[in-house]
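> here is the input, now give the coordinates:
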Amino acid sequence: MRILIDTREQQPFSFTRYEVATEPATLPVGDYSLPGFEDRAAIERKSLEDLISCLMGSNRDRFERELYRGRHYDLFAIVVEATLADVLRGHYRSGMKAHAALQSIIAFQVRYKAAFVWAGNREGAEYVTYSLLSKYLREIGERFKQATKAQEAVG
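I've put the predicted structure just below:
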């Protein structure tokens, strides 16, 4: 399996625990994708501090544009290197209230059909990123096989 890592990703996952080759790429959406599926599958990685900063000011506008671009992807998720409880307890340096942060995140989930995955920590986020992309590839392969079988039955 090959995973594309956006060249702007500041703390890329290494995926050393998995049978993966990584390649740098300029992705239209997200930090991680798959070759040939750059316009259909994307994972955006966020540390908790980064996520909270994306909910405020001009960062919010930029983040919403990213969410808007990913809304029609087959797979689009924001994988957070923290827990929901970390947000509830205010385990971040911003003065943003936890309730306001969570209400923004929930609104984004509804507005942009974006899945926010609370992975617990960086290791969990790498695991979730790998697993989502791996399962996406498997599903695409199964769909292709089924379509091929259906065509053969008709033709």
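> can you give me the strands in the chain?
Taking DSSP state E to define them, one finds strands in the chain at 2-6, 21-25, 32-33, 41-46, 75-80, 115-118.
> mind listing what A77 touches?
Shown in contact with A77 (CB atoms under 8 Å, 6 or more residues apart in numbering): 43-44, 114-117, 128, 132. For every residue, glycine as well, the C-beta is placed using N, CA and C.
> now for the residues you listed, which pair is the farthest apart?
Using CB to CB, the contacts of A77 span at most 14.4 Å, a distance reached by A114 and V128.
> same list (the strands of the chain) but as JSON lines, adding distance to C54.
Converted to JSON lines, the strands of the chain look like this (distance: least, CB to CB, whole Å):
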{"stretch": "strand 2-6", "distance to C54": "15"}
{"stretch": "strand 21-25", "distance to C54": "22"}
{"stretch": "strand 32-33", "distance to C54": "17"}
{"stretch": "strand 41-46", "distance to C54": "7"}
{"stretch": "strand 75-80", "distance to C54": "9"}
{"stretch": "strand 115-118", "distance to C54": "11"}
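> nearest to R93, of those?
strand 41-46 (14.7 Å).
> okay, the angle between the closest one and strand 2-6?
If you take axes from the mean of the first three to the mean of the last three CA atoms, to 10 degrees, strand 41-46 sits at 50 degrees to strand 2-6.
> show me how far strand 41-46 is from its chain's centre.
Here strand 41-46 is found 2 Å from its chain centre; the criterion is CA atoms, centre = their mean, to the nearest Å.
> hey, C-alpha coordinates of it in PDB?
Extracted in PDB, the C-alpha atoms of strand 41-46 (Å, rounded to 0.1, in the frame of the first residue of the first chain):
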ATOM      1  CA  ALA A  41     -10.200  10.100  -0.200                       C
ATOM      2  CA  ALA A  42      -8.500  12.400   2.300                       C
ATOM      3  CA  ILE A  43      -7.600  12.400   6.000                       C
ATOM      4  CA  GLU A  44      -6.900  15.600   7.800                       C
ATOM      5  CA  ARG A  45      -4.700  15.200  10.900                       C
ATOM      6  CA  LYS A  46      -5.000  17.600  13.800                       C
END
